[in-house]
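**Student:** Could you work out the structure for the sequence below:
(chains A and B)
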Amino acid sequence: MLAYVLRRLISIPFLLLGVASVSFLLSQMTKGDPLAALVPERMMSNPEIVETVKAQWGLDQPLPIRYLRYLGNLVQGDLGTSFATRRPVATDIAERLPATLELVIAAMIIGTAMGLTLGLLSARFRGSAFDSIARIFALIGSSLPIFWSGLILLYVLSVRLAIVPGTGRLPPRIAPPPHHTGFYTVDALIAGDLSLFVQALTHLALPAFVLGWAVTGIITRLVRSSIVEGLSLDYARTARAKGAPERVVLVRHALPNALIPLLTILGFTFAYLITGAVLTEAIFSWPGIGSYAVRAAGALDYPAIGGVTIVGSVAFLLANLLTDIAYAWANPRIKVH
Amino acid sequence: MMQRKFKHGLTVIALAGTALFAPPAQAQGSDTLVIARSMDVNSLDPARAFCDTCQFYLTAVYETLVTLSADNETLVPNLAESWEVNADFTEFTFHLKDATFADGSPVEASDVVWSILRLKNLKGSPSFLMDGLVSAEATDAKTVVFKLDAPSSEFLNKISASYAGVVNAELAEANGATAGDDAAETDKAEPWFLANSAGSGPYKLASYAPDAELRMAGNTDYYGDAPKFSEIVVTQIQDAVSQAQALETGQADIAMQIDPDTARSIRSQDVVTEIVPSYNFVYIGFIPGAKGMADVITPEVRQALALAIDYDGMLDFTVGGNGKKQAAPIPNGFPGTAGLIPREQDVAKAKEMLEAAGATNLKLVAGYPNDNVYGVDFNIMMQKVQQDFAAVGVELELKPLTWAVWRDELGSGEWPITAIYYAPDYYGSAQYVQYFGMIEGFPWAGRAGLGHPELVVNPAEAGLYQQALASSGEDAEMLYTQLGEEMMKDAIILPLVSPNLVLAYRSDIEGVRYSACCNLPLAEISRK
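**Tutor:** Here you go, the predicted structure:
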């Protein structure tokens, strides 16, 4: 197992190099003017400004030179400077990634807890009213567009009922906690500021629920169908024949088997949400990596596109690795080589 | 052990419950002003920045020599207590008042000279403001003399633009800034300006996180009246609906990008909304130099298409009537616009003119940014244009594009019609002639002609422009009126809507106003 993990880890930098090269070349070949983020529209007719900016950002160099420079910098850990924010891409990502991770982890916890519970109970009481309600709830979560469910919940819970706060990671009047992890909830606890922790948690609750609800549907369906299938298999019949109560058959026998396909979904969803939680980030003014990615792509911000691609790739590669390891752990019949 | 774990679990759940139902932070009595907007910051360096957010940030942090008064027309002293202008508008002398930068050092004439030369030499986006400046000289610690290569009665207005804010030269130079002729190559201070400021205004930069928040702290050592807030936070809230929600809940004190429809949906009694005319406008532009269009988009065809548009309907269609029509590409209320009469739709005449020009079965393409600016959705606007053109027998294909692709295709003449917008940098009409005038070498003449100036250049405009810059008062007004009429004859730029602006703020806030130079003058805002 250890050798397998090491082999996979060693291959990551080479895969990333390939991803970075493809990303660089594709973004350079994409139709569009990269100066869009560097020169305001009204100044684009000013040749002096355009030439100055091109020279400053190396855009006057031929593509092979730009590519070699990019790779050279990348190998040294320099992702370049964003055209849009004018700051190092690594700094931008370091600021935004914890925000996204905090949101996605919270969403995954909520989504998984809701999905598992609903799936389990739906399977246990299949055909009942609860089963129907749970499936409808899950279906709504995964069918409703986040921009709609997010805005409506924000309006009802924040504006009308005032039981959750508005957008952002903290109220604007409150300064963020000292930076340790970039997770405001964790950093607030490290700072020993319980009130700040409560504020951070409050702000996290609704966007995490909205995002988590969206992934609840698929988890509920998967868990339900896996358990329903498991309950009709030989091992469940044997357990029942040996006198095990239905609760034990469900939790000890059917559930662990249902978790195996769930691991794949969880791994993939987590990696996807790292750069894919764009709408939630936009609605809740959550300064994460998803909105950064969209802005970078729209503005042809080459360095930022490259940086986000690498982060997304790392997320997928690690999620795949962890899923494989978890698979082996969850199912002893699976061996990794 | 189990019991302890259970109790611990209960505590966590209780805490989470408390968190979930914790009341939102209220604005009442807060010493922090919170502004909700979608930030468009491209830089916080006065000589590089060029955006709406930049305008009000720079105005709060860096002071200019003169500024625009609340009437949005009159220039009043700021860092300069007085000034003299020579008879032909080529020499401007400013006398500084006693003022200090945020670090306590005095504002001196050398700082002014350094800042203005840096603005010119950096070749940044706002450098065009200093076109024509041939020298800047500090004749003593409190006197600055600027000389221009040609008359410019608008130089005073340009110097009131927020980008012409005076920077603490010594502090900026210590952090990589330069102002010499080679500043474009040698200046390395932009990252520093994203985290620090060096102005003399009532506020200073505390921190900036792109697309998240911009924090300004009150300058406690401000030489003038003390700042009204200890902190101003501009918080990123992308859309109008979310901004309105932030305002209603008290999370924000001011929302800057609420459209009239959203404003009507606000129910809270604690929110004030005022709808005021703006100096912004959206327009369509013809590009006769586009591929294969030289003999198609002729002046006659342009005039006919201009008559095909239902301008009143456009106002209703795009901003629900919350806007004004605008005659020429100079905004209503700016010098020379009082006598200009906006076009009216005349379908019969448009058809007649198209027939006379032999432009039957005309098929055109419009490429434009797929965006919503100042509450105007460009797709909706262009659909209305499409509908109006169809009424005179012209088929218009719409091509909404990302900004990057739009810019790429604009320069290569892919389509003969586009749509875009303009917001003023300062109060003055010359900036519009300088941008929209069909004068050889000017931006829109180049954009419309695409290497064929003969297709678009209007010989009357260059002379009128020079005369306007050498005049002032009523004479200048009259010349700008003539320039407006000439630009209407060009029919290259067709202003469609000048959308109204919604000032939306909590009822305990006062001093909110729209400024033609500075967007939102923060120093004037206070809590009751």
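**Student:** Now the residue positioned nearest the centre of chain B. Its backbone dihedrals?
**Tutor:** Centroid check for chain B by Cα atoms, centre = their mean gives residue B:423 as the closest residue, at 3.7 Å. Torsion angles at residue B:423 (phi, psi; degrees, to the nearest 10) stand at phi -130, psi 140.
**Student:** list the contacts for it?
**Tutor:** Residues near residue B:423 by Cβ atoms under 8 Å, 6 or more residues apart in numbering or on different chains: B:52, B:279, B:280, B:374. In this view, the C-beta of every residue, glycine as well, is placed from N, C-alpha and C.
**Student:** Nearest to residue B:521, out of these: which one, please.
**Tutor:** residue B:52 (13.4 Å; Cβ to Cβ).
**Student:** what secondary structure does residue A:163 sit in?
**Tutor:** Residue A:163 falls in the coil class when you classify it by DSSP: H, G, I helix; E, B strand; the rest coil.
**Student:** Hmm, residue A:157 and it touching each other?
**Tutor:** Yes. Counting by Cβ atoms under 8 Å, residue A:163 does reach residue A:157; the two are 5.6 Å apart.
**Student:** OK, contacts around the closest residue to residue B:303 other than its chain neighbours?
**Tutor:** Distances taken as Cβ to Cβ, 6 or more residues apart in numbering or on different chains place residue B:491 nearest to residue B:303, at 5.0 Å, with adjacent residues excluded. Residue B:491 makes contact with B:286, B:299, B:302, B:303, B:305, B:306, according to Cβ under 8 Å, 6+ apart.
**Student:** Contact residues of the stretch 351-500 of chain B facing chain A?
**Tutor:** B:402-405, B:407-408, B:411, B:420, B:422, B:435, B:443-444, B:446-447 (Cβ under 8 Å from any Cβ of the partner chain).
**Student:** So which of those are in helices?
**Tutor:** Counting by DSSP state H, the part of those found in helices is B:403, B:404, B:405, B:407, B:408, B:411, B:435, B:443, B:444, B:446, B:447.
**Student:** Next up, identify which helix or strand residue B:274 is on.
**Tutor:** Using DSSP states H and E, the element containing residue B:274 is strand B:271-276.
**Student:** Domain map for chain B?
**Tutor:** Chain B breaks down by automatic domain parsing into domains covering B:32-260+B:503-527, B:281-499.
**Student:** no, scratch that, I was asking about chain A
**Tutor:** What automatic domain parsing lists as the domains of chain A is A:17-75, A:97-330.
**Student:** What is the neighbour count of residue 246?
**Tutor:** Looking at chain A here, since you left the chain open. Residue A:246: 13 surrounding residues under other Cβ atoms under 10 Å in any protein chain shown.
**Student:** hm, I was asking about chain B
**Tutor:** Neighbours of residue B:246 (other Cβ under 10 Å): 29.
**Student:** Beyond the helix or strand of chain B with the lowest mean pLDDT, next helix or strand please.
**Tutor:** Ranking every helix and strand in chain B by mean pLDDT, DSSP states H and E puts helix B:2-20 at the bottom, with a mean of 44. Tracing the chain past helix B:2-20, the next element assigned as helix or strand by DSSP H and E is strand B:32-37.
**Student:** And the pLDDT at residue B:1?
**Tutor:** At residue B:1, the predicted lDDT confidence score is 42.
**Student:** That should have said residue A:80, apologies.
**Tutor:** Looking at residue A:80, its pLDDT stands at 92.
**Student:** any idea how far the residue nearest to it when sequence neighbours are not counted lies from chain B?
**Tutor:** Leaving aside its sequence neighbours, residue A:80 sits nearest to residue A:303 (Cβ to Cβ, 6+ apart; 3.2 Å). In this view, residue A:303 and chain B are 14 Å apart by Cβ to the nearest Cβ, to the nearest Å.
**Student:** which ones are touching residue A:303?
**Tutor:** Contacts of residue A:303 by Cβ under 8 Å, 6+ apart are A:79, A:80, A:81, A:82, A:83, A:89.
**Student:** hang on, the earlier thing: now intersect the contacts of residue B:423 with the helices, please.
**Tutor:** Among these, the members falling in helices are residue B:52 (criterion: DSSP H).
**Student:** which one of the contacts of residue B:423 is nearest chain A?
**Tutor:** Taking Cβ to the nearest Cβ as the measure, chain A sits nearest to residue B:52 out of these, at 11.0 Å.
**Student:** Report how many residues lie close to that closest one.
**Tutor:** Residue B:52 - counted by other Cβ under 10 Å - has 19 other residues nearby.
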